[in-house]
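J.: Just to be clear, the model below is a prediction. Sequence and coordinates:
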Amino acid sequence: FTILEKSKNKLVRLGEIAKVRRGFTTGANEFFYLELLGIGSRPGLVRVRNGASWEGEIEEEFLKPVIKSPRECKNVVIEPKKLKYRIFICNKNKTELNGTLALKYIEWGEKQGYSRRSTCKARSMWWSVPSEMGNMFWGKELRERIAVFISFKPLLADCRLYVAMGDQILQLILNSMVTILADEVKARQYGGGGGPRSLMVYEVNQQLVISPNLIRKCKAHIDDSLLQLASRPLGSIFTECGIDPESDTPIADQEPHPLPDRKALDDIVFDALGLTEEERKDVYRAVCQLVWERISKARSVTRNG
């Protein structure tokens, strides 16, 4: 309530400044997602393996980095080269593909029956996946590692993620503890192993965030904060905030010790809202308390079951 009081006329709905949508559905993951095995037999070719144990070479132009799962994202900032999968992206017809290894791969897929699957056969070219690209990515379910993963270049994303485009100012805002707190407060769907917080696309679009215009003057600090955060793996929310939920001291009575780069990022938003030092500490405590409650609840249910 303190934040809401101090944020009058400073908040906007995310959907008003960035359109969040679901990633694409391939209809045949074992065909479209491929693991890199190495360079091909000649320039321009890449050796790959799909989920059906097929191995071979395909032209590099038809293979693009893709985020298949939030678990691949070890840091807040995604490094495309470290992504495990490439997706087969081809919008050319068979005549245009004549003489390519991509065409041979498509023909192999047809023999396996992928072209007859409902999602694939609904396309004019069954192998042409609609590409959903963005530079901000939400996992459908969040547990202790909470972030809106970002990239400095647009990437493709699977339907297990939500995707949108935004500048670095918005990327920072979405990863601030103020935004995380707002999401935890309104979270309503719990369940599954580990006590995940489930998100729907419309909920992400409706979430309130501080207006980017209020911190645009801090552009240099924003760039530095994101780069610093990108240099290390993302920790649990408790590590990020410097709070021990299993301590004998209640979370509400603990002194938060947020990681330096985490604090530098949060301070940009805290400053824009005019929060006092104690109010900033209360944000860290509140986030950790809410996350710990849903995780503990899930553990209790599991033990009693």
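T.: It's in.
J.: Quick check: residue 160 touching residue 140?
T.: Yes. Counting by C-beta atoms under 8 Å, residue 160 does reach residue 140; the two are 6.1 Å apart. Using the backbone N, CA and C atoms, a C-beta is placed for each residue, glycine as well.
J.: Specify the beta-bridge partners of the residue lying closest to residue 196 once chain neighbours are set aside.
T.: Spatially, and ignoring its direct neighbours in sequence, residue 196 is nearest to residue 141 (3.8 Å; C-beta to C-beta, 6 or more residues apart in numbering). Beta-bridge partners of residue 141, counted by DSSP bridges, are residue 198.
J.: Count the residues that sit near residue 141.
T.: 16 (other C-beta atoms under 10 Å).
J.: contacting residues around it?
T.: 192, 196-199 (C-beta atoms under 8 Å, 6 or more residues apart in numbering).
J.: The stretch 151-300 of the chain: strands as residue ranges?
T.: 161-164, 197-198, 208-210 (DSSP state E, counting those that start in this stretch).
J.: Show me what the shortest one is packed up against.
T.: Just to be clear, that refers to strand 197-198. strand 141-142 (3 or more C-beta pairs under 8 Å, 6 or more residues apart in numbering; DSSP states H and E).
J.: Tell me, how many residues neighbour the closest residue to residue 130 other than its chain neighbours?
T.: Sequence neighbours aside, residue 24 is the residue nearest to residue 130 in space, at 5.4 Å (criterion: C-beta to C-beta, 6+ apart). Residue 24: 22 surrounding residues under other C-beta under 10 Å.
J.: And residue 24, how far from residue 90?
T.: 14 Å (C-beta to C-beta, to the nearest Å).
J.: again with residue 55
T.: When residue 55 is compared with residue 90 (using C-beta to C-beta), they lie 19 Å apart.
J.: the more surrounded of the two?
T.: Between residue 55 and residue 90, residue 90 has the larger neighbour count (other C-beta under 10 Å), namely 23 against 11.
J.: beta partners for residue 21?
T.: Bridge pairing for residue 21 - DSSP bridges - gives residue 163.
J.: Just confirm it contacts residue 159, I think it does.
T.: No. Using C-beta under 8 Å, residue 21 is not in contact with residue 159, being 10.2 Å away.
J.: Would you map the helices across the protein?
T.: 2-6, 14-17, 29-32, 101-112, 118-121, 168-174, 177-186, 201-206, 219-230, 237-241, 260-273, 277-304 (DSSP state H).
J.: now the ones you listed as TSV including distance to residue 85 and mean pLDDT?
T.: Formatted as TSV, these follow (distance: least, C-beta to C-beta, whole Å; pLDDT from 0 to 100):
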stretch	distance to residue 85	mean pLDDT
helix 2-6	39	76
helix 14-17	28	94
helix 29-32	9	97
helix 101-112	15	98
helix 118-121	18	95
helix 168-174	23	92
helix 177-186	28	87
helix 201-206	23	90
helix 219-230	21	74
helix 237-241	27	97
helix 260-273	29	92
helix 277-304	29	81
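J.: To residue 135, which of these lies closest?
T.: Smallest distance to residue 135 across these (C-beta to C-beta): 7.4 Å, for helix 168-174.
J.: before we move on, back to that, quick one: which of the helices of the chain is nearest residue 77?
T.: So among these, helix 219-230 is nearest, using C-beta to C-beta, at 3.4 Å.
J.: buried stuff in the closest one?
T.: 221-222, 225-226, 229-230 (16 or more other C-beta atoms under 10 Å).
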